[in-house]
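Engineer: here you go, sequence then predicted model.
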Amino acid sequence: MHVFVAVDIGASSGRLVMAQISDQKLKTTEIHRFKNGFFREDGHDRWNIDQILKEILIGLEKVKRAGISKVTLGIDTWAVDYVLTDKDGHKLQNPISYRDARTQNAIHELTSTLPKEYLYEKTGIQFQNFNTLYQLYEEDQSELRQADKIMMIPDYLGFQLTGNAVTEVTNASTTQMLNLRKRLFDSDLMADVHVRDDQFPKLVESGTILGQLQKERFPEYELPDATVVTVASHDTASAVIGTPAEGDKWAFLSSGTWSLLGAETNVPENSLAAFHANYTNEWGAYGTYRFLKNIMGLWIIQRIKADLNDQYSFPELADMAQKTPGFRTFINVNDERFENPTNMIDEIQAYARETKQFVPQTPGELARTVYDNLALCYAAELGQLSQILKQPFETLNIVGGGSNVELLNQLTSSLANINVVAGPTEATAIGNILVQMISTGDVKNVQAARALIRTSYPLKKYVPQKSQQLEQVLAQYKQFLTQQSEQK
Ligand code: ADP
Ligand code: LRH
């Protein structure tokens with residue numbers, strides 16, 4: 001029996017999921033889950049990368065203890081962040097999180113010498129202050145010079161397990177340093193941020209074999225034999241592979257800490273319209289692109305939950321929101337002030353006061369404000385996506401933890417006037433596993449992979465409940481956003 005293991009680590013949590021095909025269905029079991037998050041160290045927000053590695057080993061030990069002695073393994077994580085390593089492969093410091101304030105002005109500074117149009121034409125990647133390009137620009141220059149290698153987070157973890165260092169393309173594209181036409185790192189951009197040509201390990205496609213787990217490096221753990229595959233190591237790339245999409249008129253919403261809303265394409269779209277709308281062309285597995293927009297996502301709910309001292313669970317917050325009247329406060333969820341405020345509740349309330357709107361107070365009102373505005377933002381962006389790609393969409397596939405929120409799914413369907421298919425929650429881990437299965441020949445291709453998801457997981461369907469009131473609310477919301485941006 002061939003067992004596959006996905007190591008899937010998002011900004012808020014990580015998990016190891018075991019999988020196999022039985023009775024022509026994909027059977028997945030979560031064997032280990034852990035919390036993830038950044039912490040303050042030496043004046044920066046950083047990830048505890050040693051703890052993450054430890055959690056992977058704890059999970060693999062659980063696999064072995066479940067009686068499985070041999071697996072295939074893949075690792076995906078959030079994008080853009082990296083580890084600087086010395087000649088012996090040791091990290092120089094804990095990696096800095098993309099939410100750290102160091103890059104707040106970086107786009108502005110770097111694009112005063114490198115025009116935005118030039119960068120977009122080369123890379124097709126959206127301008128986000130946390131892209132690796134800007135992080136490297138703000139990096140401690142002596143440390144950067146001293147670094148033998150720059151490894152993206154999943155590549156670093158794969159290197160720790162196998163001793164082999166590569167840079168996998170899906171995640172590499174989020175650096176904003178890959179050249180769309182040459183399909184390689186852009187040497188001009190590397191020089192612009194003082195990176196040597198040999199600092200990023202060799203670029204490889206998704207689905208290549210990285211190597212064998214070197215068990216002798218971790219004598220304190222009882223581990224299975226494992227062949228490590230470089231899956232689509234950017235979690236969003238794996239989530240889109242793991243989307244049970246059918247036909248060619250679908251858009252996706254990968255709904256976790258971030259909401260990634262977009263469409264899968266075979267050719268990048270780096271037109272002026274895409275540039276002005278700040279859409280990105282992240283690279284997918286098998287030569288595809290994810291034409292998408294980053295939306296602030298459930299991060300806002302995560303922070304509200306934390307600000308309420310974790311008194312309520314996510315399902316409880318969603319339930320309270322459902323029972324609360326809607327659309328009393330508009331917020332621009334993508335406003336930079338929500339990126340990493342000291343207190344999210346204070347920030348939302350201040351925003352409501354400043355814009356002379358109803359100030360949400362109760363947990364239900366706060367959660368409702370977030371879900372309402374996420375749904376409004378999804379609806380507005382779907383319209384824009386359709387316009388830029390000159391393509392109508394019939395279905396929106398929502399995957400990830402956020403696909404559990406019924407209120408959000410229904411509001412999105414109704415406001416955007418689109419059929420929604422929700423699930424699976426663990427699309428990212430599933431996409432990770434399916435790339436492994438395609439590599440080993442257990443699954444033929446992505447189409448077969450998506451068909452397998454459709455027969456293996458219960459999916460929930462939502463149809464639009466159109467109303468004049470919702471149409472008016474969406475129009476008012478768009479007006480509100482325009483006013484807000486004019487005032488800036
Ligand atoms: P990431 O991988 O980016 O860390 P996930 O895809 O695991 O994120 O999604 C986590 C989010 O999903 C949580 O922050 C929470 O808002 C939401 N979520 C997950 N399960 C539920 C649920 N049962 N009810 C409401 N919200 C949920
Ligand atoms: C989602 C994600 C997203 C990136 C962000 C840094 O987890 O990978 O695609 O933009 O984290």
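Structural biologist: Structure received. Residues are numbered from 1 along each chain as shown. Ligands and ions are numbered 1, 2, ... in the order given.
Engineer: tell me the secondary structure at Leu119.
Structural biologist: helix (DSSP: H, G, I helix; E, B strand; the rest coil).
Engineer: ok, now the one 3 residues further on?
Structural biologist: Here Lys122 is helix, with the state taken from three-state DSSP.
Engineer: right, and it touches Leu180 too?
Structural biologist: Yes. With contact defined as Cβ atoms under 8 Å, Lys122 reaches Leu180; the gap is 6.8 Å. For glycine as for every other residue, the C-beta is placed from the backbone atoms N, C-alpha and C.
Engineer: strands along the stretch 351-488 of the chain, start to end?
Structural biologist: Ranges of strands in the stretch 351-488 of the chain, per DSSP state E, counting those that start in this stretch, are 395-399, 419-422, 460-462.
Engineer: for the shortest one, what is the distance to the chain centroid?
Structural biologist: Centroid displacement of strand 460-462 relative to its chain, using Cα atoms, centre = their mean, to the nearest Å, is 23 Å.
Engineer: for it, buried residues please.
Structural biologist: The neighbour-count check on strand 460-462 (16 or more other Cβ atoms under 10 Å) flags Tyr462 as buried.
Engineer: what lies in contact with it?
Structural biologist: Strand 460-462 has contacts (Cβ atoms under 8 Å, 6 or more residues apart in numbering) with 403, 406, 409-410, 412-413, 419-423.
Engineer: kindly report the residues of the stretch 351-488 of the chain close to ligand 1.
Structural biologist: Residues of the stretch 351-488 of the chain lying close to ligand 1 by Cβ under 6 Å from any ligand atom are 400-402, 404-405.
Engineer: could I get the residues you listed as a markdown table with neighbour count?
Structural biologist: Shown next, in a markdown table, are those (neighbours: other Cβ atoms under 10 Å):
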| residue | neighbour count |
| --- | --- |
| Gly400 | 30 |
| Gly401 | 22 |
| Gly402 | 26 |
| Asn404 | 17 |
| Val405 | 27 |
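Engineer: list just the nearest of those to ligand 2.
Structural biologist: Nearest to ligand 2 out of these is Gly400 (Cβ to the nearest ligand atom; 9.0 Å).
Engineer: wait, what's in contact with that closest one?
Structural biologist: 239, 254-256, 425, 427-428.
Engineer: follow-up on the earlier one: now which of the contacts of strand 460-462 would you call buried?
Structural biologist: 403, 409-410, 412-413, 419-423.
Engineer: among the residues you listed, which one lies nearest to Tyr156?
Structural biologist: Ser403 (29.3 Å; Cβ to Cβ).
Engineer: ok, for that closest one, nearest residue in space, not its chain neighbours?
Structural biologist: Spatial nearest neighbour of Ser403, excluding adjacent residues (Cβ to Cβ, 6 or more residues apart in numbering): Ala422 at 4.3 Å.
Engineer: just checking, that neighbour touches Leu459?
Structural biologist: Yes. Using Cβ under 8 Å, Ala422 is in contact with Leu459, at 6.6 Å.
Engineer: so the host helix or strand of Lys305, near ligand 1 or not?
Structural biologist: Using DSSP states H and E, Lys305 maps to helix 299-307. Yes. Counting by Cβ under 6 Å from any ligand atom, ligand 1 is contacted by helix 299-307 at 301-302.
Engineer: three-state assignment of the closest residue to Ala11 other than its chain neighbours?
Structural biologist: Excluding its sequence neighbours, the residue lying closest to Ala11 (Cβ to Cβ, 6+ apart) is Thr257, at 4.2 Å. Put simply, Thr257 is coil when judged by three-state DSSP.
Engineer: contact partners for Thr257?
Structural biologist: 10-12, 78, 297-299, 302.
Engineer: can you do 7 Å?
Structural biologist: Contacts for Thr257 (Cβ atoms under 7 Å, 6 or more residues apart in numbering) come out as 10-12, 297-299, 302.
Engineer: and if you look at Gln128?
Structural biologist: If you count contacts by Cβ under 7 Å, 6+ apart, then Gln128 has Asn294 around it.
Engineer: just to revisit the earlier point, can I get the buried ones among the contacts of strand 460-462 in a markdown table including pLDDT and distance to Leu26?
Structural biologist: Below are the buried ones among the contacts of strand 460-462 laid out as a markdown table (pLDDT from 0 to 100; distance: Cβ to Cβ, whole Å):
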| residue | pLDDT | distance to Leu26 |
| --- | --- | --- |
| Ser403 | 98 | 17 |
| Asn409 | 98 | 23 |
| Gln410 | 98 | 27 |
| Thr412 | 98 | 26 |
| Ser413 | 98 | 26 |
| Asn419 | 98 | 24 |
| Val420 | 98 | 22 |
| Val421 | 98 | 17 |
| Ala422 | 98 | 18 |
| Gly423 | 98 | 13 |
